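[1] Make a model of this:
(2 chains)
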Amino acid sequence: MELDPLVLSRLQFAFVVSFHAIFPVFTIGLASYIALLHGLFFKTKNPAWDRLSLFWTKVFAVVFGMGVVSGIVMSFQFGTNWSNFSQASSNFLGPMLSYEVVTAFFLEAAFLGVLLFGRGKVPQGVHLFAAIMVAVGTFISSFWILSANSWLHTPAGVELIDFRFHVTSWSEAIFNPSFPYRFMHMAVASFLTGGFVVAGVSAWFLLRDRDPEANRRALSMCLWLLLFLAPTQAVIGDFHGINTLEHQPTKVAAMEGHWETSGNVPLLLFAIPDQEAQTNRFELGIPNLASIILTHSIDGEVPGISEAAPEEQPPVLIVFWGFRVMVGIGLLMIAVALTGLVLRLKGRIYDKRLFLKGLTAMIPMPFVAVLAGWIVTESGRAPWLVYGMMTHAEGLTPSLTGPMALFTLIGYVLVYAVVFYAGIYYLTRVVRNGMLPEEERDTTDENFKRPMRPMSAAHTPFDDDVDPVRS
Amino acid sequence: MEMFDLTLVWAFIIGFGIMMYVLMDGFDLGLGILYPFAPDEDARDVMMNSVAPIWDGNETWLVLGGAGLLGAFPLVYSVFLPALYIGVFLMLAGLIFRGVAFEFRFKSRRNRRWWNRAFCWGSAIAAFAQGAVVGAYIQGFPVENFAYVGGAFDWLTPFSVLTGLGLMAGYALLGATWLILKSEGHVQDWAYKITPMLLALVLFVFAVISLWTPFINPLVWERWFGNIQLIWIFPVSALLCAFVVFRSVQKRREGVPFLATIGIYVFTYLGLIVSKWPVIVPPDYTLWDAASSPESQLFLLVGMVFVIPIILTYTAWTYWVFRGKVRVGEGYH
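    Numbers count the residues shown, from 1 in each chain, chains lettered A, B, ... in the order given. The predicted structure is shown next:
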């Protein structure tokens, strides 16, 4: 079998970025939640908020640490596997990615240490300020990276001369047409992820009757948040889709499994797209619904996949099903949030065990939805790396061979498997250990000299037979 | 607008960043390399404790340098990384493993043996790969039309293996002198004992490299045996520093060996820069060929001017907080 460096590099990038993405998508939402808890404690002085913020800060520390580790790899991927692309787009993407890194470090340098280790050592107001700045910083960081990504989908403010992009307008390039929608969609996705994880973990604690006071509060506020955000996300997603229809019609056609341009387009619930035959098998759909959703008119015309030549079409099967997974989970989220409202009206959200178990089972769902969504948008851009301007094949490192790419792909899979097995295992232990009772909190001065690194904020031992003195 | 040359400003920033990285991550990678030779597990605890609070701040400079290169000198980024493809992977894998080992070694007992190994091998591989990068830089890269056109293992030559091993020895020397500064008792005795041996090894490798380089590279030959004799001040100063390291270890001074080792690095680094200046992607491309557009450099400079002082302040503050000796059985966790 011929090893294709292009396919392997795309697989490698997809793997590395997917692994990386699950951490920030959670920490962005969680950082805001922690800031909110700090604010509530500051205002009400109720120690339950303090217990919650201490617990979630520990979780934040571990997840943030893993995000940083996997992020280091990302900053080299563009050069190793996509050097032509890096060289061509550096005038714009270089500063964007650098600003992302710089924001992250600025944040870590200035405020993360205070948030993680300042409890009881800095005034409460300063601690609250640090928590807010960390939350703001995560958004500034995602601003840069999502702007860079959106530019790949809807390039603007540049001209391509001799295979090199030159920026003609920084504001047009940064605020390119798809950026506001993508940023909103991702921000709400982060809040939903944080909300479902916190709700699920609180439900898990409530099922075991651990710190019911704090966990009831956490669960209640999360359910209010989700009730508002889950439907909002559907609306934002709709706007995002219409924006995509304008700028990347082929991607939307692939999402809908819609091959030939026509009106009265049905919303397909099930189909097996066949790229070779340029058609679907086993279609099952709701008549006219896709036309209504995309054009807001019952017989609106939607361009089909075949508007693009077969070699310029994205992999329809992946885009089609990725989209259904994302939307399906989105609908499930709305259903869960509504169930919460019904139970709340009956006064039973804290003791309906089936509901609490359901919430615990929902914990992985937002992550799956986010990854599915990214797979839709990134695969849907294919074969373009910079939409309409540069293909993946043109952006690839010319000297890269199949065996080299295979070697590093396997290598990254192995490295990440070990590291993230350890990380997730450890995170599970941190969560299971739950919230420490008041008297076991460390607020002595001696601890102030502890290392100011993310993971050292969590004191849970890695394995069972650890020496208690050391942990 | 042409008040000052942004490319030179950026050359200074990147050059400074690389120097900071080499010095700061150098000593903690060096401790990882020395790890298997430590006299006992207590010494290993002290070694790790002495860098645990600061190592990830040290690696900040690596990521900053990588992203800065893409922004300011994209040609360097898009030639070096493909040319060193396998080496870059090994370096990143090494850095990841040792980073995770830092976090989990202290939190585990049953699995500690494995985290020890991850720390040592990760450090050694990362150090070797970085040294090989230096060797590959001195050798130069086949580049056509702004893209690397060589093979996967062109960088792996006897010369780059030598520079790889040389940097391992150099990092170990930095680690040993750092340990002299930060430890006491039998751990410090051990550090005093190994420092002269490491120094001899480093001097030997540096001597071989210095003699070898002018012969594989006519530009370097011309630079050193041409008209500008002032540049000999760098190797002479590096040798002087080496002598100070040797003398101060004999006198059992605590801070001077580390500072003098830093001196060896700084002068060797300056020597390397004057050998190649202004070529950044050898053999043909200069800093100005490799630069991104002035607007991009300026746009990014605004952020850097703001952030670099903050990172430096934070770094200095962290070192200040964790100053003093690390004793057996105390410190971290």
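[2] distance between the ends of stretch B:274-283?
    With Cα to Cα, to the nearest Å as the measure, the first residue of stretch B:274-283 is 15 Å from its last.
[3] What lies in contact with it?
    The contact list for stretch B:274-283, computed with Cβ atoms under 8 Å, 6 or more residues apart in numbering or on different chains, reads B:11, B:73, B:75-76, B:79-80, B:137-141, B:143, B:213, B:217, B:219-220, B:223-224, B:231, B:234, B:285-290. The C-beta positions use only the backbone N, C-alpha and C, and glycine is treated the same way.
[4] Enumerate every residue touching residue A:384.
    Residue A:384 neighbours (Cβ under 8 Å, 6+ apart): A:312, A:390-392.
[5] about what we covered before: contacting chain A as well, which ones from the contacts of stretch B:274-283?
    B:75, B:79-80 (Cβ under 8 Å from any Cβ of the partner chain).
[6] Just the element for the nearest residue to residue B:155 once chain neighbours are set aside, please.
    Closest residue to residue B:155 apart from its sequence neighbours, by Cβ to Cβ, 6 or more residues apart in numbering or on different chains: residue B:136 at 4.0 Å. Following DSSP states H and E, one finds residue B:136 within helix B:112-139.
[7] Give me the contact list for the following helix or strand past that helix.
    Beyond helix B:112-139 on the C-terminal side, the first helix or strand identified by DSSP H and E is strand B:143-144. Under the contact criterion Cβ under 8 Å, 6+ apart, strand B:143-144 has outside partners B:79, B:149, B:281, B:284-285.
[8] close to chain A, is the next helix or strand after strand B:143-144?
    Going down the chain from strand B:143-144, the next helix or strand is strand B:147-148, by DSSP H and E. Yes: judged by Cβ under 8 Å from any Cβ, strand B:147-148 and chain A are in contact via B:147-148.
[9] Can you list the strands that strand B:147-148 pairs with?
    Here the strand partners of strand B:147-148, with direction, are listed using DSSP bridges: strand B:143-144 (antiparallel).
[10] For the partner strand, what is the distance to the chain centroid?
    Strand B:143-144 has its C-alpha centroid displaced from the chain centroid by 27 Å (Cα atoms, centre = their mean, to the nearest Å).
[11] For the ones next to chain A among the contacts of stretch B:274-283, give me CSV that also has secondary structure.
    CSV is the format used below for these (DSSP: H, G, I helix; E, B strand; the rest coil):
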residue, secondary structure
B:75, helix
B:79, helix
B:80, helix
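[12] Look up how far chain A lies from the residue nearest to residue B:155.
    Distance, residue B:136 to chain A, by Cβ to the nearest Cβ, to the nearest Å: 14 Å.
[13] Confirm for me that that residue is in contact with residue B:85.
    No: distance between residue B:136 and residue B:85: 11.4 Å, which falls outside the contact criterion (Cβ atoms under 8 Å).
[14] between the two, who's got more neighbours?
    Using other Cβ atoms under 10 Å in any protein chain shown as the criterion, residue B:136 and residue B:85 rank with residue B:85 on top: 27 against 24.
[15] and the longest helix belonging to chain A, anywhere near chain B?
    In chain A, assigned by DSSP state H, the helix with the most residues is helix A:5-44. No: if you take Cβ under 8 Å from any Cβ as the test, helix A:5-44 misses chain B, and the best it gets is 10.2 Å.
[16] Give the buried residues for that helix.
    Buried positions in helix A:5-44, judged by neighbour count with 16 or more other Cβ atoms under 10 Å in any protein chain shown: A:5-6, A:8-10, A:12-13, A:16-38, A:40-41.
[17] Also stretch A:223-232?
    A:223, A:225-227, A:229-230.
[18] Most neighbours among the contacts of strand B:143-144, please name it.
    Counting neighbours by other Cβ under 10 Å, the top entry in those is residue B:79, with 29 neighbours.
[19] Was I right to think that one contacts residue A:80?
    No: the pair residue B:79 and residue A:80 fails to qualify as a contact (Cβ under 8 Å) at a distance of 11.3 Å.
[20] pLDDT weak spots in the chain?
    You didn't say which chain, so I picked chain A. Within chain A, the stretches with pLDDT under 70 are A:1, A:108-109, A:435-459, A:461-471.
[21] please go with chain B instead
    Judged by pLDDT under 70, the stretches of chain B that qualify are B:1-3, B:329-333.
[22] Do me a favour and get the end-to-end distance for stretch A:200-219?
    Counting by Cα to Cα, the length from the leading to the trailing residue of stretch A:200-219 is 8 Å.
[23] now what about it, what contacts it?
    A:48-49, A:51-52, A:198-199, A:222, A:349-350, A:353, A:355-357, A:359-363, A:431, A:434-435.
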